[in-house]
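Trainee: pasting a predicted model and its sequence here:
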Amino acid sequence: MREEYDVVIIGAGIGGLTCGSLLAKEGLKVLVVEQASKPGGYATSYKKNGFTFDSCVHFLGGCGRKGIIRKLITNLETEEEIKFIEVQSPMGVILDNKKISLPVKDPRELEKILQRLFPQEAPQIPKYFQILRRITKEILDLVSPSFFKFLLFPIRYPHLIRYQKSTLKDLLDKYFTDPKLKNILSIAPTTLPPSKISLFFMAIVTTQGQEGFYYPQGGIQSFSNTLVKGLKKHRGELLLDTLVSKILVEKKRVCGVELTSGRRIGTKYVVSNTTLEQTFNRLVGSENLPDKYMRRIKNQKVSLPGFILHIATDLDLKSLRLSFTNAILPSDLEKEFAALNNNQMPDESSLIITIPSLVDSTLAPEGKHILSIVAPAPYSYDWQNKKEEVAKRIIKQAEKAIPNLSRHIIYQNISTPLTLEKYTLNTKGAMYGLQVTPEQFGINRISQKTPIKGLYLVGHYTRPAHGVVGVAMSGQFAAQAVLHSRES
Ligand SMILES: Cc1cc2nc3c(=O)[nH]c(=O)nc-3n(C[C@H](O)[C@H](O)[C@H](O)COP(=O)(O)OP(=O)(O)OC[C@H]3O[C@@H](n4cnc5c(N)ncnc54)[C@H](O)[C@@H]3O)c2cc1C
(Lines give C-alpha, C1' and ligand atoms only; values in the text may rest on other atoms or scores of the structure.)
Protein backbone atom coordinates (compact mmCIF):
# COMPACT_ATOMS: atom_id res chain seq x y z
CA MET A 1 0.00 0.00 0.00
CA ARG A 2 1.21 3.49 -0.88
CA GLU A 3 1.38 6.59 1.33
CA GLU A 4 -0.66 8.52 -1.21
CA TYR A 5 -3.30 7.86 -3.89
CA ASP A 6 -5.11 10.02 -6.42
CA VAL A 7 -8.44 8.77 -5.07
CA VAL A 8 -9.53 6.87 -1.96
CA ILE A 9 -12.96 5.23 -2.08
CA ILE A 10 -14.64 4.48 1.25
CA GLY A 11 -16.66 1.28 0.86
CA ALA A 12 -16.69 -1.49 -1.74
CA GLY A 13 -20.44 -1.48 -2.42
CA ILE A 14 -21.43 -1.49 -6.10
CA GLY A 15 -21.35 2.33 -6.14
CA GLY A 16 -17.79 2.45 -4.77
CA LEU A 17 -16.50 -0.40 -6.95
CA THR A 18 -18.00 1.14 -10.11
CA CYS A 19 -16.45 4.54 -9.42
CA GLY A 20 -13.08 3.08 -8.35
CA SER A 21 -12.71 0.73 -11.30
CA LEU A 22 -13.68 3.44 -13.83
CA LEU A 23 -11.14 5.88 -12.37
CA ALA A 24 -8.44 3.17 -12.30
CA LYS A 25 -9.18 2.54 -15.99
CA GLU A 26 -8.52 6.25 -16.60
CA GLY A 27 -5.04 5.78 -15.11
CA LEU A 28 -5.65 7.22 -11.62
CA LYS A 29 -4.07 5.59 -8.58
CA VAL A 30 -7.11 4.26 -6.73
CA LEU A 31 -7.49 2.64 -3.32
CA VAL A 32 -10.84 1.15 -2.25
CA VAL A 33 -11.11 0.60 1.53
CA GLU A 34 -13.79 -1.82 2.78
CA GLN A 35 -14.53 -2.62 6.42
CA ALA A 36 -16.09 -6.03 5.66
CA SER A 37 -14.20 -9.19 4.75
CA LYS A 38 -15.56 -9.31 1.20
CA PRO A 39 -16.46 -6.75 -1.47
CA GLY A 40 -20.01 -5.93 -2.60
CA GLY A 41 -21.88 -4.48 0.41
CA TYR A 42 -25.46 -5.68 -0.13
CA ALA A 43 -24.29 -7.52 -3.27
CA THR A 44 -22.47 -10.39 -1.55
CA SER A 45 -23.02 -14.15 -1.22
CA TYR A 46 -22.00 -16.79 1.29
CA LYS A 47 -21.73 -20.58 1.23
CA LYS A 48 -23.21 -22.97 3.80
CA ASN A 49 -23.53 -26.79 3.72
CA GLY A 50 -23.11 -26.94 -0.07
CA PHE A 51 -25.58 -24.09 -0.73
CA THR A 52 -24.76 -20.60 -2.01
CA PHE A 53 -26.98 -17.81 -0.64
CA ASP A 54 -27.08 -14.18 -1.76
CA SER A 55 -27.10 -11.91 1.29
CA CYS A 56 -29.52 -9.35 -0.20
CA VAL A 57 -29.54 -8.52 -3.93
CA HIS A 58 -31.61 -11.00 -5.96
CA PHE A 59 -31.13 -10.02 -9.57
CA LEU A 60 -29.86 -7.29 -11.84
CA GLY A 61 -31.29 -5.06 -14.52
CA GLY A 62 -29.10 -3.33 -17.09
CA CYS A 63 -27.41 -6.52 -18.36
CA GLY A 64 -28.99 -6.60 -21.84
CA ARG A 65 -26.85 -5.77 -24.89
CA LYS A 66 -27.18 -2.00 -24.40
CA GLY A 67 -27.63 -2.08 -20.62
CA ILE A 68 -25.51 0.01 -18.27
CA ILE A 69 -24.13 -2.99 -16.34
CA ARG A 70 -23.16 -4.82 -19.54
CA LYS A 71 -21.44 -1.67 -20.86
CA LEU A 72 -19.59 -1.24 -17.55
CA ILE A 73 -18.25 -4.80 -17.60
CA THR A 74 -17.21 -4.40 -21.25
CA ASN A 75 -15.54 -1.06 -20.55
CA LEU A 76 -13.52 -2.69 -17.73
CA GLU A 77 -12.52 -5.52 -20.12
CA THR A 78 -13.94 -8.14 -17.78
CA GLU A 79 -16.81 -9.56 -19.86
CA GLU A 80 -15.07 -12.97 -19.94
CA GLU A 81 -15.20 -13.15 -16.15
CA ILE A 82 -18.98 -13.40 -15.75
CA LYS A 83 -22.01 -15.08 -17.25
CA PHE A 84 -25.40 -13.38 -16.91
CA ILE A 85 -28.37 -15.76 -17.07
CA GLU A 86 -31.53 -14.10 -18.34
CA VAL A 87 -34.43 -14.90 -15.98
CA GLN A 88 -37.38 -16.08 -18.05
CA SER A 89 -40.18 -15.60 -15.51
CA PRO A 90 -38.79 -12.89 -13.25
CA MET A 91 -41.90 -11.80 -11.41
CA GLY A 92 -45.09 -13.28 -10.06
CA VAL A 93 -47.72 -12.56 -7.48
CA ILE A 94 -49.89 -14.76 -5.28
CA LEU A 95 -53.43 -13.44 -5.57
CA ASP A 96 -56.24 -15.19 -3.65
CA ASN A 97 -54.01 -18.29 -3.38
CA LYS A 98 -53.46 -18.35 -7.18
CA LYS A 99 -49.97 -18.01 -8.70
CA ILE A 100 -49.89 -15.37 -11.40
CA SER A 101 -46.85 -14.78 -13.55
CA LEU A 102 -46.38 -11.12 -14.55
CA PRO A 103 -44.65 -10.93 -17.97
CA VAL A 104 -42.83 -7.68 -17.20
CA LYS A 105 -40.75 -7.97 -20.37
CA ASP A 106 -43.81 -7.93 -22.60
CA PRO A 107 -45.96 -4.90 -21.70
CA ARG A 108 -48.86 -5.79 -24.02
CA GLU A 109 -49.08 -9.31 -22.59
CA LEU A 110 -48.92 -7.90 -19.06
CA GLU A 111 -51.78 -5.53 -19.86
CA LYS A 112 -53.84 -8.44 -21.26
CA ILE A 113 -53.28 -10.59 -18.16
CA LEU A 114 -54.32 -7.74 -15.88
CA GLN A 115 -57.37 -7.03 -18.08
CA ARG A 116 -58.44 -10.68 -17.77
CA LEU A 117 -57.98 -10.61 -13.99
CA PHE A 118 -59.75 -7.26 -13.54
CA PRO A 119 -62.30 -6.98 -16.38
CA GLN A 120 -64.12 -4.01 -14.83
CA GLU A 121 -60.83 -2.01 -14.95
CA ALA A 122 -59.84 -3.26 -18.43
CA PRO A 123 -60.28 -0.03 -20.46
CA GLN A 124 -58.15 1.99 -18.03
CA ILE A 125 -55.20 -0.42 -17.87
CA PRO A 126 -53.54 0.52 -21.22
CA LYS A 127 -54.04 4.22 -20.44
CA TYR A 128 -52.22 3.82 -17.12
CA PHE A 129 -49.23 2.06 -18.71
CA GLN A 130 -49.14 4.61 -21.53
CA ILE A 131 -48.61 7.41 -18.97
CA LEU A 132 -45.75 5.47 -17.35
CA ARG A 133 -44.13 4.89 -20.76
CA ARG A 134 -44.40 8.59 -21.66
CA ILE A 135 -42.84 9.65 -18.36
CA THR A 136 -39.91 7.25 -18.88
CA LYS A 137 -39.41 8.42 -22.46
CA GLU A 138 -39.19 12.03 -21.33
CA ILE A 139 -36.81 11.17 -18.44
CA LEU A 140 -34.48 9.28 -20.78
CA ASP A 141 -34.57 12.13 -23.28
CA LEU A 142 -33.75 14.60 -20.52
CA VAL A 143 -30.73 12.58 -19.33
CA SER A 144 -28.76 13.79 -22.37
CA PRO A 145 -29.82 17.45 -22.30
CA SER A 146 -28.92 20.15 -24.74
CA PHE A 147 -29.51 23.87 -24.53
CA PHE A 148 -32.38 23.65 -27.03
CA LYS A 149 -34.12 20.93 -25.04
CA PHE A 150 -34.18 23.25 -22.03
CA LEU A 151 -35.53 26.11 -24.15
CA LEU A 152 -38.34 23.87 -25.31
CA PHE A 153 -38.85 22.25 -21.89
CA PRO A 154 -42.64 22.78 -21.46
CA ILE A 155 -43.36 21.50 -24.97
CA ARG A 156 -40.90 18.63 -24.93
CA TYR A 157 -41.52 17.38 -21.38
CA PRO A 158 -45.23 17.86 -20.56
CA HIS A 159 -45.40 14.69 -18.42
CA LEU A 160 -42.32 15.64 -16.40
CA ILE A 161 -43.89 18.99 -15.61
CA ARG A 162 -47.32 17.55 -14.85
CA TYR A 163 -46.25 14.62 -12.68
CA GLN A 164 -43.05 15.91 -11.00
CA LYS A 165 -44.64 15.96 -7.54
CA SER A 166 -46.92 12.96 -8.08
CA THR A 167 -46.88 9.75 -6.14
CA LEU A 168 -47.89 6.36 -7.48
CA LYS A 169 -51.15 6.62 -5.52
CA ASP A 170 -52.11 9.77 -7.43
CA LEU A 171 -52.10 7.89 -10.73
CA LEU A 172 -53.58 4.66 -9.36
CA ASP A 173 -56.51 6.57 -7.84
CA LYS A 174 -57.05 8.46 -11.08
CA TYR A 175 -57.52 5.29 -13.12
CA PHE A 176 -58.57 2.43 -10.83
CA THR A 177 -60.86 1.49 -7.96
CA ASP A 178 -60.00 -2.19 -7.34
CA PRO A 179 -57.63 -2.37 -4.32
CA LYS A 180 -56.17 -5.71 -5.47
CA LEU A 181 -55.18 -4.31 -8.85
CA LYS A 182 -53.72 -1.24 -7.14
CA ASN A 183 -51.69 -3.55 -4.89
CA ILE A 184 -50.26 -5.51 -7.82
CA LEU A 185 -49.31 -2.29 -9.59
CA SER A 186 -47.49 -1.19 -6.42
CA ILE A 187 -45.03 -4.09 -6.43
CA ALA A 188 -41.68 -2.32 -6.49
CA PRO A 189 -38.24 -2.50 -4.89
CA THR A 190 -39.03 0.05 -2.18
CA THR A 191 -40.21 -0.07 1.41
CA LEU A 192 -42.82 2.63 0.73
CA PRO A 193 -46.58 2.47 0.22
CA PRO A 194 -48.12 3.94 -3.00
CA SER A 195 -48.90 7.26 -1.26
CA LYS A 196 -45.16 7.92 -0.90
CA ILE A 197 -43.47 6.34 -3.97
CA SER A 198 -42.30 8.79 -6.62
CA LEU A 199 -44.32 8.23 -9.80
CA PHE A 200 -41.17 8.87 -11.84
CA PHE A 201 -39.36 6.05 -10.02
CA MET A 202 -42.29 3.72 -10.62
CA ALA A 203 -42.37 4.65 -14.32
CA ILE A 204 -38.66 3.81 -14.71
CA VAL A 205 -38.93 0.55 -12.75
CA THR A 206 -42.02 -0.61 -14.65
CA THR A 207 -40.66 0.13 -18.10
CA GLN A 208 -37.11 -1.04 -17.27
CA GLY A 209 -38.59 -4.52 -16.85
CA GLN A 210 -38.80 -4.68 -20.63
CA GLU A 211 -35.00 -4.90 -20.80
CA GLY A 212 -35.11 -8.14 -18.81
CA PHE A 213 -33.68 -9.31 -15.50
CA TYR A 214 -30.47 -11.26 -15.11
CA TYR A 215 -28.74 -13.47 -12.58
CA PRO A 216 -24.94 -13.71 -12.46
CA GLN A 217 -24.04 -17.40 -12.57
CA GLY A 218 -22.59 -18.64 -9.28
CA GLY A 219 -24.32 -15.97 -7.18
CA ILE A 220 -24.43 -12.19 -6.83
CA GLN A 221 -20.90 -12.22 -5.35
CA SER A 222 -19.57 -13.11 -8.78
CA PHE A 223 -20.79 -9.72 -10.05
CA SER A 224 -19.05 -7.80 -7.23
CA ASN A 225 -15.92 -9.92 -7.77
CA THR A 226 -15.97 -9.06 -11.47
CA LEU A 227 -15.90 -5.35 -10.62
CA VAL A 228 -12.95 -6.03 -8.30
CA LYS A 229 -11.18 -7.83 -11.17
CA GLY A 230 -11.80 -4.74 -13.31
CA LEU A 231 -10.37 -2.52 -10.57
CA LYS A 232 -7.26 -4.67 -10.19
CA LYS A 233 -6.77 -5.17 -13.94
CA HIS A 234 -6.31 -1.41 -14.14
CA ARG A 235 -3.98 -1.35 -11.14
CA GLY A 236 -6.47 -0.20 -8.56
CA GLU A 237 -6.13 -1.65 -5.04
CA LEU A 238 -8.68 -3.05 -2.58
CA LEU A 239 -8.10 -3.15 1.16
CA LEU A 240 -10.57 -5.41 3.03
CA ASP A 241 -11.30 -5.66 6.78
CA THR A 242 -10.33 -2.00 7.20
CA LEU A 243 -12.57 0.76 8.53
CA VAL A 244 -12.00 4.37 7.53
CA SER A 245 -12.45 6.41 10.70
CA LYS A 246 -11.85 9.96 9.41
CA ILE A 247 -11.88 12.02 6.25
CA LEU A 248 -9.10 14.57 6.66
CA VAL A 249 -10.00 18.11 5.61
CA GLU A 250 -7.76 21.16 5.41
CA LYS A 251 -9.04 24.60 4.34
CA LYS A 252 -12.32 23.05 3.14
CA ARG A 253 -10.46 20.60 0.88
CA VAL A 254 -9.94 16.88 1.31
CA CYS A 255 -6.33 15.92 2.04
CA GLY A 256 -6.56 12.30 3.16
CA VAL A 257 -8.26 9.60 5.22
CA GLU A 258 -7.44 7.98 8.52
CA LEU A 259 -7.91 4.27 9.24
CA THR A 260 -8.86 2.86 12.66
CA SER A 261 -5.24 1.73 13.05
CA GLY A 262 -4.33 5.45 13.08
CA ARG A 263 -2.59 5.16 9.71
CA ARG A 264 -3.13 8.15 7.41
CA ILE A 265 -3.30 7.98 3.63
CA GLY A 266 -2.89 11.15 1.59
CA THR A 267 -5.26 11.94 -1.28
CA LYS A 268 -6.90 14.89 -3.02
CA TYR A 269 -10.10 12.99 -3.75
CA VAL A 270 -12.30 10.90 -1.47
CA VAL A 271 -15.42 9.16 -2.77
CA SER A 272 -17.69 8.01 0.03
CA ASN A 273 -19.92 4.96 -0.55
CA THR A 274 -21.29 5.01 2.96
CA THR A 275 -24.31 6.69 4.56
CA LEU A 276 -24.86 10.44 4.71
CA GLU A 277 -24.94 10.26 8.48
CA GLN A 278 -21.57 8.49 8.69
CA THR A 279 -19.89 10.56 5.96
CA PHE A 280 -20.79 13.97 7.34
CA ASN A 281 -21.34 13.54 11.08
CA ARG A 282 -18.67 11.00 11.85
CA LEU A 283 -16.01 11.01 9.13
CA VAL A 284 -15.87 14.70 8.11
CA GLY A 285 -17.43 16.29 11.21
CA SER A 286 -20.41 18.61 10.80
CA GLU A 287 -18.27 21.57 11.95
CA ASN A 288 -16.55 21.43 8.54
CA LEU A 289 -19.84 21.85 6.64
CA PRO A 290 -22.25 24.76 6.06
CA ASP A 291 -25.28 24.70 8.41
CA LYS A 292 -27.70 24.83 5.48
CA TYR A 293 -26.21 21.71 3.91
CA MET A 294 -26.22 19.85 7.23
CA ARG A 295 -29.89 20.78 7.78
CA ARG A 296 -30.71 19.28 4.39
CA ILE A 297 -28.74 16.11 5.22
CA LYS A 298 -30.55 15.81 8.56
CA ASN A 299 -33.94 16.08 6.85
CA GLN A 300 -33.36 13.20 4.41
CA LYS A 301 -35.59 10.19 5.07
CA VAL A 302 -34.06 6.72 4.84
CA SER A 303 -35.81 3.55 3.69
CA LEU A 304 -36.92 0.88 6.14
CA PRO A 305 -34.74 -2.08 7.00
CA GLY A 306 -35.67 -5.68 6.23
CA PHE A 307 -36.13 -9.09 7.79
CA ILE A 308 -34.53 -11.74 5.59
CA LEU A 309 -34.82 -15.51 5.71
CA HIS A 310 -32.43 -17.70 3.76
CA ILE A 311 -33.78 -21.21 3.43
CA ALA A 312 -32.54 -24.47 1.88
CA THR A 313 -35.27 -26.99 1.14
CA ASP A 314 -35.64 -30.49 -0.28
CA LEU A 315 -38.97 -29.55 -1.90
CA ASP A 316 -39.12 -29.78 -5.68
CA LEU A 317 -39.72 -26.05 -6.22
CA LYS A 318 -39.52 -26.37 -10.03
CA SER A 319 -42.76 -28.35 -10.05
CA LEU A 320 -44.62 -25.50 -8.30
CA ARG A 321 -44.35 -23.29 -11.40
CA LEU A 322 -43.36 -20.24 -9.39
CA SER A 323 -41.55 -17.22 -10.80
CA PHE A 324 -38.00 -16.22 -9.84
CA THR A 325 -39.43 -13.61 -7.43
CA ASN A 326 -42.95 -13.92 -6.04
CA ALA A 327 -44.83 -11.25 -4.13
CA ILE A 328 -47.37 -11.95 -1.41
CA LEU A 329 -49.07 -8.72 -0.44
CA PRO A 330 -51.10 -7.62 2.57
CA SER A 331 -54.55 -6.22 1.82
CA ASP A 332 -53.54 -2.69 2.84
CA LEU A 333 -50.01 -1.46 2.07
CA GLU A 334 -50.60 1.90 3.75
CA LYS A 335 -51.62 0.17 7.00
CA GLU A 336 -48.52 -2.04 6.88
CA PHE A 337 -46.28 1.04 6.47
CA ALA A 338 -47.98 2.79 9.39
CA ALA A 339 -47.41 -0.25 11.64
CA LEU A 340 -43.75 -0.49 10.63
CA ASN A 341 -43.22 3.21 11.35
CA ASN A 342 -44.77 2.57 14.73
CA ASN A 343 -42.09 -0.06 15.41
CA GLN A 344 -44.54 -2.94 15.06
CA MET A 345 -44.16 -6.03 12.93
CA PRO A 346 -47.51 -6.18 11.07
CA ASP A 347 -49.65 -9.33 11.15
CA GLU A 348 -49.46 -9.55 7.37
CA SER A 349 -46.24 -8.48 5.62
CA SER A 350 -45.32 -7.70 2.03
CA LEU A 351 -43.17 -10.71 1.19
CA ILE A 352 -40.82 -11.17 -1.71
CA ILE A 353 -39.87 -14.82 -2.16
CA THR A 354 -36.91 -15.37 -4.49
CA ILE A 355 -35.73 -18.75 -5.76
CA PRO A 356 -32.34 -18.32 -7.51
CA SER A 357 -31.79 -22.08 -7.85
CA LEU A 358 -34.62 -22.14 -10.43
CA VAL A 359 -32.21 -20.52 -12.90
CA ASP A 360 -28.77 -21.49 -11.55
CA SER A 361 -28.36 -25.14 -10.58
CA THR A 362 -24.83 -24.54 -9.22
CA LEU A 363 -26.31 -22.90 -6.09
CA ALA A 364 -27.73 -26.07 -4.50
CA PRO A 365 -27.04 -29.82 -4.59
CA GLU A 366 -29.20 -31.83 -6.99
CA GLY A 367 -32.84 -32.14 -5.94
CA LYS A 368 -32.58 -29.25 -3.48
CA HIS A 369 -33.34 -25.54 -3.71
CA ILE A 370 -32.52 -22.28 -1.99
CA LEU A 371 -34.86 -19.38 -1.46
CA SER A 372 -34.92 -16.06 0.31
CA ILE A 373 -37.91 -14.33 1.85
CA VAL A 374 -37.68 -10.57 2.46
CA ALA A 375 -40.15 -8.50 4.46
CA PRO A 376 -39.86 -4.85 5.49
CA ALA A 377 -39.33 -4.61 9.24
CA PRO A 378 -38.99 -2.04 12.01
CA TYR A 379 -35.52 -1.23 13.36
CA SER A 380 -36.51 -0.75 16.99
CA TYR A 381 -37.92 -4.12 17.94
CA ASP A 382 -37.02 -6.88 20.38
CA TRP A 383 -35.18 -8.87 17.71
CA GLN A 384 -33.16 -10.93 20.14
CA ASN A 385 -36.25 -12.50 21.67
CA LYS A 386 -38.74 -12.26 18.82
CA LYS A 387 -36.86 -13.14 15.64
CA GLU A 388 -37.76 -16.87 15.72
CA GLU A 389 -41.43 -16.04 16.26
CA VAL A 390 -41.40 -13.57 13.34
CA ALA A 391 -39.64 -16.15 11.15
CA LYS A 392 -42.33 -18.74 11.91
CA ARG A 393 -45.09 -16.28 11.08
CA ILE A 394 -43.44 -15.28 7.81
CA ILE A 395 -42.85 -18.90 6.75
CA LYS A 396 -46.52 -19.63 7.42
CA GLN A 397 -47.47 -16.70 5.18
CA ALA A 398 -45.00 -17.93 2.53
CA GLU A 399 -46.78 -21.30 2.49
CA LYS A 400 -49.44 -19.60 0.33
CA ALA A 401 -46.81 -19.89 -2.42
CA ILE A 402 -44.87 -22.94 -1.20
CA PRO A 403 -47.20 -25.38 0.63
CA ASN A 404 -45.57 -27.39 3.45
CA LEU A 405 -42.40 -25.29 3.38
CA SER A 406 -42.10 -25.35 7.18
CA ARG A 407 -41.77 -29.17 7.10
CA HIS A 408 -39.07 -29.19 4.43
CA ILE A 409 -36.46 -26.76 5.72
CA ILE A 410 -32.98 -28.30 5.83
CA TYR A 411 -31.16 -25.04 6.63
CA GLN A 412 -32.38 -21.63 7.73
CA ASN A 413 -30.62 -18.35 8.48
CA ILE A 414 -32.32 -15.23 9.83
CA SER A 415 -31.08 -11.67 9.18
CA THR A 416 -32.76 -8.90 11.16
CA PRO A 417 -32.31 -5.14 10.60
CA LEU A 418 -29.44 -5.34 13.11
CA THR A 419 -27.64 -7.87 10.88
CA LEU A 420 -27.92 -5.57 7.85
CA GLU A 421 -26.59 -2.66 9.88
CA LYS A 422 -23.73 -4.71 11.34
CA TYR A 423 -22.41 -6.05 8.02
CA THR A 424 -22.85 -2.98 5.80
CA LEU A 425 -23.15 -0.03 8.24
CA ASN A 426 -26.29 1.15 6.43
CA THR A 427 -28.29 3.57 8.63
CA LYS A 428 -30.50 1.40 10.86
CA GLY A 429 -30.16 -1.38 8.26
CA ALA A 430 -31.90 0.71 5.54
CA MET A 431 -32.46 -1.60 2.56
CA TYR A 432 -32.54 0.99 -0.21
CA GLY A 433 -30.66 4.04 1.09
CA LEU A 434 -32.86 7.14 0.88
CA GLN A 435 -36.60 6.69 0.36
CA VAL A 436 -37.71 7.19 -3.25
CA THR A 437 -40.32 9.87 -2.60
CA PRO A 438 -40.83 12.61 -5.25
CA GLU A 439 -38.67 14.88 -3.03
CA GLN A 440 -35.77 12.40 -2.95
CA PHE A 441 -35.63 10.88 -6.43
CA GLY A 442 -33.42 11.72 -9.43
CA ILE A 443 -32.30 15.33 -9.53
CA ASN A 444 -33.97 15.92 -6.14
CA ARG A 445 -31.70 13.38 -4.45
CA ILE A 446 -28.44 14.39 -2.74
CA SER A 447 -25.83 15.20 -5.39
CA GLN A 448 -22.44 13.48 -5.87
CA LYS A 449 -20.79 16.86 -5.24
CA THR A 450 -20.45 18.10 -1.65
CA PRO A 451 -19.47 21.48 -0.15
CA ILE A 452 -16.00 20.02 0.65
CA LYS A 453 -13.63 20.23 -2.32
CA GLY A 454 -12.50 16.79 -3.42
CA LEU A 455 -15.26 14.92 -1.52
CA TYR A 456 -17.85 13.08 -3.62
CA LEU A 457 -20.66 10.67 -2.80
CA VAL A 458 -21.78 7.43 -4.44
CA GLY A 459 -24.34 4.77 -3.56
CA HIS A 460 -27.98 4.62 -2.66
CA TYR A 461 -28.05 7.78 -0.55
CA THR A 462 -27.22 9.82 -3.67
CA ARG A 463 -28.46 10.52 -7.20
CA PRO A 464 -30.10 9.03 -9.11
CA ALA A 465 -31.63 6.14 -7.09
CA HIS A 466 -31.06 2.88 -5.26
CA GLY A 467 -30.67 -0.61 -6.73
CA VAL A 468 -27.62 -1.99 -8.48
CA VAL A 469 -28.33 -0.03 -11.67
CA GLY A 470 -28.99 3.18 -9.70
CA VAL A 471 -25.79 2.98 -7.68
CA ALA A 472 -23.69 1.95 -10.70
CA MET A 473 -24.94 5.17 -12.33
CA SER A 474 -23.99 7.11 -9.18
CA GLY A 475 -20.49 5.60 -9.51
CA GLN A 476 -20.27 6.80 -13.10
CA PHE A 477 -21.47 10.30 -12.17
CA ALA A 478 -18.87 10.54 -9.37
CA ALA A 479 -16.07 9.26 -11.63
CA GLN A 480 -16.98 11.89 -14.25
CA ALA A 481 -17.04 14.59 -11.56
CA VAL A 482 -13.55 13.63 -10.29
CA LEU A 483 -12.12 13.57 -13.82
CA HIS A 484 -13.73 16.90 -14.64
CA SER A 485 -12.37 18.48 -11.46
CA ARG A 486 -8.81 17.28 -12.27
CA GLU A 487 -9.01 18.85 -15.70
CA SER A 488 -10.23 22.24 -14.48
C1 LIG B 1 -32.77 -7.44 0.95
C2 LIG B 1 -32.36 -6.59 -0.20
C3 LIG B 1 -32.63 -7.02 -1.48
C4 LIG B 1 -32.27 -6.23 -2.58
N5 LIG B 1 -32.49 -6.71 -3.84
C6 LIG B 1 -32.05 -6.02 -4.90
C7 LIG B 1 -32.13 -6.57 -6.21
O8 LIG B 1 -32.59 -7.70 -6.40
N9 LIG B 1 -31.67 -5.83 -7.25
C10 LIG B 1 -31.14 -4.58 -7.08
O11 LIG B 1 -30.74 -3.95 -8.07
N12 LIG B 1 -31.04 -4.03 -5.85
C13 LIG B 1 -31.47 -4.72 -4.76
N14 LIG B 1 -31.33 -4.20 -3.50
C15 LIG B 1 -30.80 -2.82 -3.35
C16 LIG B 1 -29.30 -2.78 -3.55
O17 LIG B 1 -28.72 -3.85 -2.85
C18 LIG B 1 -28.67 -1.50 -3.01
O19 LIG B 1 -29.40 -0.35 -3.40
C20 LIG B 1 -27.21 -1.35 -3.52
O21 LIG B 1 -26.55 -2.59 -3.54
C22 LIG B 1 -26.47 -0.40 -2.60
O23 LIG B 1 -25.16 -0.25 -3.04
P24 LIG B 1 -24.21 0.86 -2.46
O25 LIG B 1 -23.08 1.04 -3.41
O26 LIG B 1 -24.99 2.07 -2.10
O27 LIG B 1 -23.54 0.32 -1.12
P28 LIG B 1 -23.75 -0.78 0.01
O29 LIG B 1 -24.16 -2.07 -0.59
O30 LIG B 1 -24.53 -0.23 1.13
O31 LIG B 1 -22.23 -0.92 0.46
C32 LIG B 1 -21.54 0.08 1.17
C33 LIG B 1 -20.20 -0.51 1.60
O34 LIG B 1 -19.43 0.46 2.30
C35 LIG B 1 -18.75 -0.19 3.38
N36 LIG B 1 -18.42 0.83 4.40
C37 LIG B 1 -19.30 1.64 5.05
N38 LIG B 1 -18.63 2.48 5.87
C39 LIG B 1 -17.31 2.18 5.75
C40 LIG B 1 -16.12 2.71 6.34
N41 LIG B 1 -16.15 3.72 7.23
N42 LIG B 1 -14.93 2.17 5.99
C43 LIG B 1 -14.87 1.16 5.08
N44 LIG B 1 -15.96 0.62 4.49
C45 LIG B 1 -17.17 1.13 4.81
C46 LIG B 1 -19.77 -1.21 3.87
O47 LIG B 1 -19.17 -2.25 4.60
C48 LIG B 1 -20.37 -1.70 2.54
O49 LIG B 1 -19.66 -2.80 2.02
C50 LIG B 1 -31.64 -4.97 -2.38
C51 LIG B 1 -31.36 -4.55 -1.08
C52 LIG B 1 -31.70 -5.35 0.01
C53 LIG B 1 -31.35 -4.91 1.40
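Mentor: Perfect, I can see it now. Everything numeric in this text was worked out from a predicted model, so none of it was measured. Numbers count the residues shown, from 1 in each chain.
Trainee: which helix or strand in this protein has the lowest average pLDDT?
Mentor: Lowest by mean pLDDT, DSSP states H and E among the helices and strands of the chain is helix 147-151, with a mean of 60.
Trainee: which single residue in the stretch 251-400 of the chain comes nearest to the ligand?
Mentor: Thr274 (3.5 Å; C-beta to the nearest ligand atom). To be clear about C-beta, it is placed using only N, CA and C from the backbone, and glycine gets the same treatment.
Trainee: could you find the closest non-adjacent residue to that residue?
Mentor: Excluding its sequence neighbours, the residue lying closest to Thr274 (C-beta to C-beta, 6 or more residues apart in numbering) is Gly11, at 5.0 Å.
Trainee: ok, that neighbour touching Val270?
Mentor: No: using C-beta atoms under 8 Å, Gly11 is not in contact with Val270, being 10.9 Å away.
Trainee: list the residues that contact the nearest residue to Pro378 once chain neighbours are set aside.
Mentor: Spatial nearest neighbour of Pro378, excluding adjacent residues (C-beta to C-beta, 6+ apart): Asn343 at 4.4 Å. Listed by C-beta atoms under 8 Å, 6 or more residues apart in numbering, the contact set of Asn343 reads 378-381.
Trainee: same check, this time on Thr242
Mentor: Thr242 neighbours (C-beta under 8 Å, 6+ apart): 33-35, 259-261.
Trainee: let's see it at 6 Å
Mentor: 33, 259 (C-beta atoms under 6 Å, 6 or more residues apart in numbering).
Trainee: now it: how far from Ile265?
Mentor: 10 Å (C-beta to C-beta, to the nearest Å).
Trainee: average model confidence for whatever helix or strand Ile297 lives in?
Mentor: Element membership for Ile297 (DSSP states H and E) is helix 291-299. The pLDDT scores in helix 291-299 average 98.
Trainee: residues contacting that helix, please?
Mentor: Helix 291-299 is contacted by residues 276, 280, 286, 451 when judged by C-beta under 6 Å, 6+ apart.
Trainee: save the residues you listed as JSON lines, and put in pLDDT too.
Mentor: What follows is the contacts of helix 291-299, written out as JSON lines (pLDDT from 0 to 100):
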{"residue": "Leu276", "pLDDT": "98"}
{"residue": "Phe280", "pLDDT": "98"}
{"residue": "Ser286", "pLDDT": "94"}
{"residue": "Pro451", "pLDDT": "97"}
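Trainee: just the buried subset of those, please.
Mentor: With burial judged by 16 or more other C-beta atoms under 10 Å, the buried subset of the contacts of helix 291-299 is 276, 280.
Trainee: save the contacts of helix 291-299 as TSV, and put in distance to the ligand and secondary structure too.
Mentor: Putting those into TSV (distance: C-beta to the nearest ligand atom, whole Å; DSSP: H, G, I helix; E, B strand; the rest coil) gives the following:
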residue	distance to the ligand	secondary structure
Leu276	11	helix
Phe280	12	helix
Ser286	16	helix
Pro451	20	coil
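Trainee: biggest separation within the contacts of helix 291-299, which pair?
Mentor: Leu276 and Pro451 (12.9 Å; C-beta to C-beta).
Trainee: residues of the protein that sit close to the ligand?
Mentor: Where the chain comes near the ligand, counting by C-beta under 6 Å from any ligand atom, the residues are 10-16, 33-36, 41-43, 56-60, 189, 243-244, 273-274, 278, 306, 308, 374, 424-426, 431-433, 459-460, 466-468, 471.
Trainee: and those residues, which of them are in helices?
Mentor: Among these, the members found in helices (DSSP state H) are 14-16, 424, 467-468, 471.
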